[in-house]
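Novice: could you look at this predicted model? Sequence included:
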Amino acid sequence: MTADSYLYALGDLHAARSAVSHGRARSTQEVEARQRSLRELDSRLVAQRDRLAELATELRSPVPADAFTPAPVEPLPWPAGASDAATHLGTADAAVTEARRLGRLPQLLPAWSSQFARAAVVYLAFTLPVIGLVSVTSSIHANEALKIWFAVVWPLVTAIGGGLLVARLSRPRLEPSESEQVLTRLKPVRHYPWLGVLFAWGSWLITGWFFDQLAAGISPG
């Protein structure tokens, strides 16, 4: 009886020791897995910080010194904390990728694919001074200087200045990729200077005609 009890006790002791050893091994494996996960998250954080700094340099928009200072957050238990960090990293990576995509689009009206429409908007802006000047001088008899200004000078200003502005605003803030560079060579930015001349003449003639009709309508008799 005593021998049997001793054997049972010895078996229980070996089982307990085996369970403790197995628990320690399992605990060690879990700790190592967590450490690997943390090292991976740390590497992704460093890589993302480098990508953000590089993007800020290319966009000529320096990142503030405290931009990478960790903000206090509510602690989460494992593995919810690691999963939450990985989710935020994935969201930030997608945002950086989208920022690069947008940075390679034209600065003016990036959602528009038509170069003609983009140029038309620029040249339309150049008609505003003409409309203003015609409205101011509508009650004055047009002399040769005004006619030369409206017919020659301002159309040239619109064509040259507007063309330069179209070229500047059609340029992306980021350098295009190699495939985009090939497309740029095959399809360079068009300035449409003749459109600027037409808009300058049209704004002068149409605005002048409008004020002439307005003056004729309100004149006595």
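Specialist: Received it, and whenever you're ready, just let me know what you need.

Novice: does P62 sit in a helix, a strand or a coil?
Specialist: Here P62 is recorded as coil under DSSP: H, G, I helix; E, B strand; the rest coil.

Novice: same question but for R190, I mixed them up
Specialist: Going by three-state DSSP: R190 is coil.

Novice: check what pLDDT the residue nearest to it when sequence neighbours are not counted gets.
Specialist: Nearest residue to R190, sequence neighbours excluded (CB to CB, 6 or more residues apart in numbering): Q115, at 5.3 Å. For glycine as for every other residue, the C-beta is placed from the backbone atoms N, C-alpha and C. On pLDDT, Q115 comes in at 88.

Novice: next: V166.
Specialist: For V166, pLDDT reads 92.

Novice: that one looks like it's in a helix, true?
Specialist: Yes - when three-state DSSP is applied, V166 is found to be in a helix.

Novice: quick one: low-confidence parts of this structure?
Specialist: For the chain, applying pLDDT under 70 flags the ranges 1-27, 63-70, 72-73, 76, 78, 139, 141-142, 176-187, 217-221.

Novice: just the helices in it please.
Specialist: 2-58, 80-103, 115-137, 144-148, 154-169, 178-186, 193-218 (DSSP state H).

Novice: tell me the most buried of those helices?
Specialist: helix 154-169 (a mean of 18; mean count of other CB atoms under 10 Å).

Novice: quick one: the closest residue to I140 other than its chain neighbours and V134, what's the gap?
Specialist: Residue nearest to I140 in three dimensions, not counting chain neighbours: L146, with 7.9 Å by CB to CB, 6+ apart. Counting by CB to CB, to the nearest Å, the separation of L146 from V134 is 9 Å.

Novice: over to R171?
Specialist: Note on R171: its distance to V134, by CB to CB, is 33 Å.

Novice: spit out the contact partners of S37.
Specialist: P79, A82 (CB atoms under 8 Å, 6 or more residues apart in numbering).

Novice: go with 10 Å
Specialist: W78, P79, A82, S83, A85, A86 (CB atoms under 10 Å, 6 or more residues apart in numbering).

Novice: same check on L146?
Specialist: For L146, counting by CB under 10 Å, 6+ apart, the contacting residues are L133, V134, T137, I140, W204.

Novice: would you format the helices of the chain as TSV with distance to L109 included?
Specialist: Shown next, in TSV, are the helices of the chain (distance: least, CB to CB, whole Å):
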stretch	distance to L109
helix 2-58	21
helix 80-103	12
helix 115-137	5
helix 144-148	34
helix 154-169	8
helix 178-186	18
helix 193-218	16
